[in-house]
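Visitor: Model the following, please.
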Amino acid sequence: MVFARTAAAEHNLIAQFKEHSIERAYQAVAIGVVSAERIETWLVRDRGDGLRGSAAQPEGAQLAITHVRPLQRLGPYTLVECRLETGRTHQIRIHLSERGHMLCGEKVYFGPLGGKKASDTSGAPRLALHAARLEFIHPTTGKPMKFQSELPRDLAQFVARLERGSQDQLDGDQLHE
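Guide: Residues are numbered from 1 along each chain as shown. Here you go, the predicted structure:
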């Protein structure tokens, strides 16, 4: 989160957001094997079932762009980095679920409208989504500001458990060869 202490700083930060010059990256654990891609859709407040989601027609919709990069395979899951080019409400959750890669711990977005609903058996302690990096230009000094945050303990433990399960699966596969 970024807070402005003066009106001038607020206007400067708003301008940076509008220019898409603020770098925001999140880490998430998604179900399935996630590939690198640029996801671009038009998001609406109600896709027809009361949930936010993508729409075919841009009328009343906002452009949403997410850059997805896999970081690590975790058995049937993937740790990904999602870099936002735009910042819409629930953008990452919507984009990945609509691609068939619901986030572990997700309670709202289970897939595309009219599509097969995904289920989560990962045992995630909560929604597996973490704001990992924020970069912007300080509105007063003009200096680049960079903030990074490691996965919080509960999500780091969750990822470690998935890593162990993934390794156990590999070990078991090698025994059967």
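Visitor: Residue 140 touches residue 13, doesn't it?
Guide: No. Using C-beta atoms under 8 Å, residue 140 is not in contact with residue 13, being 10.6 Å away. In this view, the C-beta of every residue, glycine as well, is placed from N, C-alpha and C.
Visitor: my read: residue 44 touches residue 51, true?
Guide: No. Shown here, residue 44 and residue 51 do not form a contact pair, counting by C-beta under 8 Å, at 9.7 Å.
Visitor: between residue 140 and residue 13, which one's more packed in?
Guide: Neighbours were counted for residue 140 and for residue 13 using other C-beta atoms under 10 Å; residue 13 has more, 18 against 12.
Visitor: quick check, that one in a helix?
Guide: Yes. Secondary structure assignment (DSSP: H, G, I helix; E, B strand; the rest coil) places residue 13 inside a helix.
Visitor: what's near enough to touch it?
Guide: The neighbourhood of residue 13, defined by C-beta atoms under 8 Å, 6 or more residues apart in numbering, consists of 2, 4, 22, 136, 139.
Visitor: Would you mind giving the secondary structure of the residue nearest the centre of the chain?
Guide: Note on the chain: the residue nearest the mean C-alpha position is residue 92, at 3.8 Å, using C-alpha atoms, centre = their mean. Reducing the assignment to helix, strand or coil with three-state DSSP, the entry for residue 92 is helix.
Visitor: Quick one, grab the pLDDT at it.
Guide: What the model reports for residue 92 is a pLDDT of 98.
Visitor: Name the nearest residue to it, ignoring sequence neighbours.
Guide: Taking C-beta to C-beta, 6 or more residues apart in numbering, and ignoring the residues beside it in sequence, residue 92 has residue 82 as its nearest neighbour in space, at 4.7 Å.
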